[in-house]
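**Q** what follows is a predicted protein model with its sequence.
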Amino acid sequence: MTLRPSQGLSYARGRMAPVPTGSGYRRQLYRDDAVVLRVQKLGESDRIITLLTRHHGRLRAVARGVRRTMSRFGARLEPFGHVDLQLAGSPEGVGSSLHSVSQVEAVALYGKQFLTDYPRYTAASAIAETAERLTPVEREPSLRLFQLTLGALKALAAGEHAGGLVLDAYLLRAMATAGWAPAIAECAVCGTPGRHAAFSVPAGGAVCPDCRPPGSAHPAPATLALMSALTAGDWPVADASESPVRRECSGLVAAHLQWHMERALRSLPLVDRRETS
Ligand SMILES: [Zn+2]
């Protein structure tokens, strides 16, 4: 932690201390931890950082003078890092829509570990893009999505599971937070429980013989078992799955995700699923 008691700030996360400014409204300093989703240049030395925060949802903040103060800011505000921040701005969005980063501490800079690992880098990019797309409204807290996103990047960095599996587990659970996870253990249409053989993206997942629309896919039973294991976090089953099953599962997960998103994810088709672990 870099905050000193002399700064007079509460140490409690998410608590705010009003700070008067010369611009006619009160900007507030507040603290939160966040995953860095995206970094864009703003002029010569500033950056706009897209953050998924634990308590304040997704927000964009300006990091000023990143180039001048490289040692303090720049290296910590790279994509996929978990950081502890002090931000200035109204958490409710009144006054200014863009917050500014006044302090940043690294918790874990996962991005570094993906720089030399293209498959993991592409999976991390798809995770960050999905997190951003699933939070269309800024400053709408989504603790579950924050935890999933942080957990997925941590798992990718740890390298205990194949990157493609970590990504698909993330996508399945992230879709569940949005309310449109595919049905796996029951028919998506009539709700009849059981493992059904057909899968229809437009219908919402696995479908029973009575409800099966024309054009439904018939994935291998092991593929639906893998999808179920990834959703439940059953890693021994997921890790033991074979490549063709993983490929079929990824295809269904991607198709399901794209069906529900207005625009296609840019990063998903680029994911390199060569297995490095
Ligand atoms: Zn049915």
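**A** Cool, got the structure.
**Q** for the rest of this, base every contact and every neighbour count on C-alpha atoms.
**A** Will do.
**Q** what does the stretch 151-277 of the chain put close to the ion?
**A** Proximity of the stretch 151-277 of the chain to the ion, by CA under 5 Å from the ion, involves residues C187, V189, C190, C208, C211.
**Q** can you redo those as CSV with neighbour count and secondary structure?
**A** Output for those, formatted as CSV (neighbours: other CA atoms under 10 Å; DSSP: H, G, I helix; E, B strand; the rest coil):
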residue, neighbour count, secondary structure
C187, 27, coil
V189, 16, coil
C190, 11, coil
C208, 21, coil
C211, 16, coil
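**Q** so who does V39 touch?
**A** R47, I48, I49, T50, L77, E78, P79 (CA atoms under 8 Å, 6 or more residues apart in numbering).
**Q** for the stretch 51-200 of the chain, which segments are assigned as strands?
**A** 57-63, 81-88, 99-109, 198-200 (DSSP state E, counting those that start in this stretch).
**Q** neighbour-wise, which of the contacts of V39 leads?
**A** Within these, most neighbours by other CA atoms under 10 Å means L77, with 30 neighbours.
**Q** pretty sure it sits against I49.
**A** Yes: under the criterion of CA atoms under 8 Å, L77 makes contact with I49 at 7.4 Å.
**Q** shared neighbours of those two, anything?
**A** With CA under 8 Å, 6+ apart, L77 and I49 have common neighbours V36, V39.
**Q** coming back round to it: tabulate the residues of the stretch 151-277 of the chain next to the ion (a markdown table), appending pLDDT.
**A** Listed next are those as a markdown table, based on pLDDT from 0 to 100:
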| residue | pLDDT |
| --- | --- |
| C187 | 98 |
| V189 | 97 |
| C190 | 98 |
| C208 | 97 |
| C211 | 97 |
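**Q** what stretches of the stretch 51-200 of the chain score poorly on pLDDT?
**A** 67-72, 91-97 (pLDDT under 70).
**Q** relative to the ion, which residue of it is the closest?
**A** C190 (4.0 Å; CA to the ion).
**Q** gap between that residue and C211?
**A** 7 Å (CA to CA, to the nearest Å).
**Q** what do you get for A34?
**A** In terms of CA to CA, A34 sits 43 Å off from C211.
**Q** and if you look at E262?
**A** For E262 relative to C211 (CA to CA), the value is 26 Å.
**Q** repeat that for S250.
**A** If you go by CA to CA, the gap between S250 and C211 works out to 24 Å.
**Q** how about D32?
**A** Distance from D32 to C211, by CA to CA: 47 Å.
**Q** one more: R27?
**A** Distance from R27 to C211, counting by CA to CA: 55 Å.
**Q** what do you get for A126?
**A** Using CA to CA, A126 is found at 33 Å from C211.
**Q** please apply the same query to R58.
**A** In terms of CA to CA, R58 sits 38 Å off from C211.
**Q** swap in A152?
**A** For A152, the distance to C211 - CA to CA - is 34 Å.
**Q** re earlier: the residue of the stretch 51-200 of the chain closest to the ion: what's it in contact with?
**A** C211.
**Q** gap between it and A232?
**A** C190 sits 22 Å away from A232, taking CA to CA as the criterion.
**Q** okay, the strands of the stretch 51-200 of the chain in a markdown table with mean neighbour count next?
**A** Listed next are these as a markdown table, based on neighbours: other CA atoms under 10 Å:
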| stretch | mean neighbour count |
| --- | --- |
| strand 57-63 | 23 |
| strand 81-88 | 23 |
| strand 99-109 | 19 |
| strand 198-200 | 24 |
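**Q** no further queries at this time; thank you.
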